[in-house]
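>>> sequence unavailable; structure follows:
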């Protein structure tokens, strides 16, 4: 999508009223209590980071008149296939995650007397969509809108995932991830958002900051809302 079109997309919130039936967004908390994902440089689980940000995203969407519904907030939905089914009337599915690096890229260190590991090589956010999703174009449009808005706010994306995932929209840091279950086993457009690299020692501290979480959530919600406004709900759900 051309950059000018994306800039226009993210400003539509100011001039376009929401649909008569408020759109519904499922906000998925990535990972579970039993399988909490990556561990940060200072020993905090990815699930905890994911839940903090997902709650802020849901609140920001609600502030925009969008019915946001948290998925897996208690960390007990182990099946990725079941997650989209928990909000069957959703118009859009957004899965919140935080990134890590491969084991061989980590350096051991000690934090508060505990053995931990880190990598300061990569930092920044990224987004993923699937060509096997039933609405890949709508998914990409929404991901691009989120990415464009975050960059306009000063959030810096990462190139890290281009090593393994092809670009869907390089300018806005969106990758194809076709076989990711939470992206293709939905009936609606879906995006997976990686907020940052929790193994990066400086970025981990930023990602823990509640004020920054709220600001990032505001950017995500603005991109989602703009995307939903320019596409009829019937196009999003079919």
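Thanks, I have it. Note that the structure is a prediction, hence the values are computed from the model and not measured. Numbers count the residues shown, from 1 in each chain.
>>> where does the chain dip in pLDDT?
1-20, 231-238 (pLDDT under 70).
>>> may I have the beta-bridge partners of the residue most central in space within the chain?
Geometric centre of the chain, nearest residue: residue 193, 2.1 Å, by C-alpha atoms, centre = their mean. On the basis of DSSP bridges, residue 193 is bridged to residue 96, residue 127.
>>> so what's it up against?
94-97, 125-128, 146, 220 (C-beta atoms under 8 Å, 6 or more residues apart in numbering). Every residue, glycine included, has its C-beta placed from N, CA and C.
>>> tell me the one of those residues nearest residue 111?
Using C-beta to C-beta, residue 97 comes nearest to residue 111 of these, at 22.4 Å.
>>> my guess is the closest one meets residue 195, correct?
Yes. Contact status for residue 97 versus residue 195: in contact at 7.2 Å, counting by C-beta atoms under 8 Å.
>>> between these two, who's got more neighbours?
Set residue 97 next to residue 195 and count neighbours by other C-beta atoms under 10 Å: residue 195 wins out with 30 against 26.
>>> so that one, which of the three states?
strand (DSSP: H, G, I helix; E, B strand; the rest coil).
>>> and residue 176, how far from residue 31?
22 Å (C-beta to C-beta, to the nearest Å).
>>> all strands of the protein, in order?
24-29, 67-71, 92-99, 107-111, 114-118, 126-129, 167-169, 174-176, 190-197 (DSSP state E).
>>> got those as a markdown table, with distance to residue 78 columns?
What follows is the strands of the chain, written out as a markdown table (distance: least, C-beta to C-beta, whole Å):
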| stretch | distance to residue 78 |
| --- | --- |
| strand 24-29 | 12 |
| strand 67-71 | 13 |
| strand 92-99 | 15 |
| strand 107-111 | 29 |
| strand 114-118 | 26 |
| strand 126-129 | 21 |
| strand 167-169 | 28 |
| strand 174-176 | 25 |
| strand 190-197 | 17 |
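>>> distance of residue 132 from residue 216?
Residue 132 sits 28 Å away from residue 216, going by C-beta to C-beta.
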